[in-house]
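In: Predicted model and sequence below, questions to follow.
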Amino acid sequence: MKITEDDICIQFGAGDEAVPGWPNFDVPPRFRLQRLPLIGMFFNDTCVFDSDVLDGDTVKGLPLAPYTLKGLFASHVLGHFSYDGTLTALKNSHEMLKPAGCFRLIAPNLKFLWMNITQEQVAM
């Protein structure tokens, strides 16, 4: 399937799992260090970013026009932002989506994790 301007979907917080055929964005310091000549080879031991991942910060705003995306995907990335950063990233995400666009967000179930951790500690 060919992706047209009418069907643009992106991922932010791609890390080392870029979605093929989509623009994928990430911004951690390790990402930038891996791309530096000579220095980059010292940062390729664990998480290696796909060469197709673009440098882009959702909190500061991605280089995309408002209301242009059909879809937006983010998996386990909002937990890395501050509270204010999370609100800004969500606001920016909403502004990038077309009307009736889809935002698929995957986040950990903190209530489930908290309940399991506290139950394990009580059992000890």
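Out: Thanks, I have the structure now.

In: How many neighbouring residues does Phe25 have?
Out: 23 (other CB atoms under 10 Å). Yep, even glycine has a C-beta here, placed from its N, CA and C like the rest.

In: all strands of this structure, in order?
Out: Taking DSSP state E as the criterion, the chain carries its strands at 9-12, 24-26, 53-55, 69-75, 97-106.

In: I'd like the average pLDDT over the second one.
Out: Confidence over strand 24-26, taken as the mean pLDDT, stands at 88.

In: again with the last one
Out: Strand 97-106 comes out with an average pLDDT of 93.

In: same thing with the fourth one?
Out: Averaged over strand 69-75, pLDDT sits at 93.

In: Could you do the first one as well?
Out: Strand 9-12 shows a mean pLDDT of 91 in the predicted model.

In: Can you give the contact residues for it?
Out: For strand 9-12, contacts defined as CB atoms under 8 Å, 6 or more residues apart in numbering pick out 3, 18-19, 22-26, 56, 58, 62, 64, 69-75, 77, 89, 93, 96.

In: Kindly give a single PyMOL line that selects the buried subset of the residues you listed.
Out: In PyMOL, this line selects whichever of the contacts of strand 9-12 come out buried by 16 or more other CB atoms under 10 Å:
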select buried, resi 18+19+22+23+24+25+26+56+58+62+64+69+70+71+72+73+74+75+77+89+93+96
